[in-house]
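Engineer: Need a 3D model of the sequence below.
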Amino acid sequence: MRRIVIGLALVTAACAPRPDARSGAGEDNPFGLRGRVLSDPLAKPEFVLTDTGHRPFDFRRQTDGYLTLLFFGYTYCPDVCPVHMANLGAVIAQLTPSVADRIRVVFITTDPARDTPERLRQWLDNFDRRFIGLTGDTAQIAAAERAVGLPGADIGPRDSTGAYEVGHSAVVVAFTPDNRAHVLYPFGIRQADWANDLPKLLTIAWPGS
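Structural biologist: Residues are numbered from 1 along each chain as shown. Okay, here's the model as predicted:
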């Protein structure tokens with residue numbers, strides 16, 4: 001299978017991942033983190049999408065003070081998306097409740113035509129029932145991607161069955177409790193890396209925070 005490089009990781013082309021504008025940023029990592037530390041942290045943006053209960057979800061307000069792991073993907077993705085979610089679900093399940101309860105995983109679909117709120121909920125429940133699924137129209141989702149500094153998704157051509165792939169960012173953006181993103185996690189991050197980093201991300205005193 002053809003492989004392409006994104007940031008620090010190799011990702012399969014089956015999910016058509018996109019190069020990430022911020023994936024190469026940052027050099028210093030004095031905290032022993034396995035992700036890519038950003039030299040210029042990103043403030044948590046404000047946008048409102050729709051959750052799996054058909055309710056408005058104010059991203060900035062409703063994740064305030066949590067370690068928030070944000071990912072853009074789609075439920076029909078054959079590789080990148082389920083691997084990220086499965087790894088996070090497995091590691092968070094092993095954390096103590098006092099740590100796990102301070103983490104929010106937010107999955108925003110890049111395929112709103114197929115990813116209804118009901119499908120998002122059913123798919124996310126395979127990994128962790130606490131994971132938050134969000135959708136909206138294509139303009140709203142594209143605006144959210146831009147607000148995080150990620151490239152917009154691309155809908156691929158349909159095959160003979162009507163199926164298609166979606167090109168999208170392959171990184172998880174980690175907003176720490178100070179409501180800034182200090183670290184990116186490209187595809188290829190393992191469960192051991194998440195187990196190392198998640199507790200640290202809740203306790204690091206970042207410069208300027």
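Engineer: mind checking how far the spatially most central residue of the chain is from residue 161?
Structural biologist: With distances taken as Cα atoms, centre = their mean, residue 71 lies nearest the centre of the chain, 1.6 Å away. To residue 161, residue 71 is 27 Å away according to Cβ to Cβ, to the nearest Å. Every C-beta, even on glycine, is put in place using the N, C-alpha and C of the backbone.
Engineer: Show me which helix runs longest in this protein.
Structural biologist: helix 80-94 (DSSP state H).
Engineer: Distance of the nearest residue to residue 34 once chain neighbours are set aside relative to residue 148?
Structural biologist: Leaving aside its chain neighbours, residue 34 sits nearest to residue 193 (3.6 Å; criterion: Cβ to Cβ, 6 or more residues apart in numbering). According to Cβ to Cβ, residue 193 and residue 148 sit 21 Å apart.
Engineer: Pick out whichever of these two has more residues nearby.
Structural biologist: The neighbour comparison of residue 193 against residue 148 (other Cβ atoms under 10 Å) goes to residue 148, with 22 against 16.
Engineer: What's the separation between residue 57 and residue 66?
Structural biologist: 13 Å.
Engineer: meant to ask about residue 44, not that
Structural biologist: 10 Å.
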